[in-house]
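Chemist: Task: produce atomic coordinates for the following.
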Amino acid sequence: MSDVLVQRDGAFTTITMNRPRRRNALSRAFLLSLTEAFREVADTDARGIVLAAEGPVFSAGHDFADLAGASHAEVRSLLQTCTELMRTIQSVPQVVVARVHALATAAGCQLVASCDLAVAAESAGFAAPGGKGGWFCHTPMVPIARGVGRKRAVEMALTGEVVDARTAAVWGLINYAVPDAELGEATLALLTRATQGSPSSKALGKQALYAQLDRPEADAYTYAIEVMAAASQTPEAQEGMRAFLDKRRPDWPA
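Modeler: Numbering: from 1, shown residues only. Model prediction:
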């Protein structure tokens, strides 16, 4: 059976990590397969993507079978491959929600932090365990730190301890922690809310949002002004404005 399962259900597509025998560890081949799956779904008319997993954990991070004894250049190449997956998730036009049912550690936690949104079961946990081992979680901390802020990121990185789902929600690593039995329903509900409106407007908005997040405020405003002014001329924007003024539901262009 494939390590990556892709299933379309109505407007949404679920990409499932299906490598439970390796705790969904992110080997090079697995990273490439996941990246390919996201790119293939990006070219469809799906409105949203759920990233899910099978097995006892969501993802245990990098597969050390690829890394033990690897050269400097080989490890750099693997980390670049991993980064490409994370950046692909943020570049696809669809809204991507992580559905986290169990432990997400190191690059697995990085994967959750790189998704647009995330919902976790209350029994789930999140960690950057390198801080209590021999290989610090440098790359996983890039999106994690941007989600939780400096002090909490430093705590996660230095202690390596597991953060429970409720705490992760308070910290901003995930959007919601829900009872385990409600995980699927809650994920679908959030994705449904997040995909309302014009798909093309949403895709442009997602792209611009990520582009401005890491800029200084003045530069972010300069960039956002230009994007928003240009977007105002699109058929979707004009239809939205007219529908509001006419007090009717918008009819989005195909």
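
Chemist: Return the helix or strand in the protein with minimum mean pLDDT.
Modeler: helix 217-231 (a mean of 82; mean pLDDT, DSSP states H and E).

Chemist: low-scoring stretches of this structure, by residue?
Modeler: In the predicted model, the chain carries pLDDT under 70 at residues 254.

Chemist: cutoff 80 now
Modeler: 1, 217, 220, 224, 228-229, 241, 244, 252-254 (pLDDT under 80).

Chemist: Got the domain ranges for it?
Modeler: Using automatic domain parsing, the domain parsing of the chain gives 4-194, 199-246.

Chemist: Can you tell me which of these is nearest to Pro253?
Modeler: domain 199-246 (4.5 Å; C-beta to C-beta). (C-beta placed from N, C-alpha, C; glycine too.)

Chemist: Ends of the closest one, what's the gap?
Modeler: Terminal residues of domain 199-246 are spaced 22 Å apart (C-alpha to C-alpha, to the nearest Å).

Chemist: could you give the angle of the following helix or strand past the least confident helix or strand of the chain to helix 217-231?
Modeler: Using DSSP states H and E, the helix or strand that follows helix 217-231 in sequence is helix 235-246. For helix 235-246 against helix 217-231, the angle by axes from the mean of the first three to the mean of the last three C-alpha atoms, to 10 degrees is 80 degrees.

Chemist: What are the buried residues along helix 235-246?
Modeler: Residues of helix 235-246 classed as buried by neighbour count (16 or more other C-beta atoms under 10 Å): Glu236, Ala237, Glu239, Gly240.

Chemist: Hmm, Asp251 and the last one touching each other?
Modeler: So the one you mean is Gly240. No: Gly240 lies out of contact with Asp251 (C-beta atoms under 8 Å); the separation is 10.1 Å.

Chemist: which of the domains of the chain is buried the deepest?
Modeler: domain 4-194 (a mean of 19; mean count of other C-beta atoms under 10 Å).

Chemist: Endpoints of that domain, how far apart?
Modeler: Note: domain 4-194 ends 24 Å apart using C-alpha to C-alpha.

Chemist: Would you convert the buried residues of helix 235-246 into a markdown table that also reports distance to Ala73?
Modeler: Output for the buried residues of helix 235-246, formatted as a markdown table (distance: C-beta to C-beta, whole Å):
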| residue | distance to Ala73 |
| --- | --- |
| Glu236 | 46 |
| Ala237 | 47 |
| Glu239 | 52 |
| Gly240 | 50 |
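
Chemist: Could you work out the most separated pair of those?
Modeler: Ala237 and Glu239 (7.3 Å).

Chemist: what comes into contact with the host helix or strand of Thr167?
Modeler: Using DSSP H and E, Thr167 sits within helix 165-171. The contact list for helix 165-171, computed with C-beta atoms under 8 Å, 6 or more residues apart in numbering, reads 100, 120-126, 147-149, 152, 163, 174-177.

Chemist: And stretch 123-134, by the same measure?
Modeler: Under C-beta under 8 Å, 6+ apart, the answer for stretch 123-134 is 58, 100-106, 109, 112, 120, 136-138, 140-141, 144, 156-165, 168, 173-174, 177, 180.

Chemist: Which members of these occur in strands, if any?
Modeler: Val100, Leu103, Ala104, Thr105, Ala120, Val163, Asp164, Ala177 (DSSP state E).
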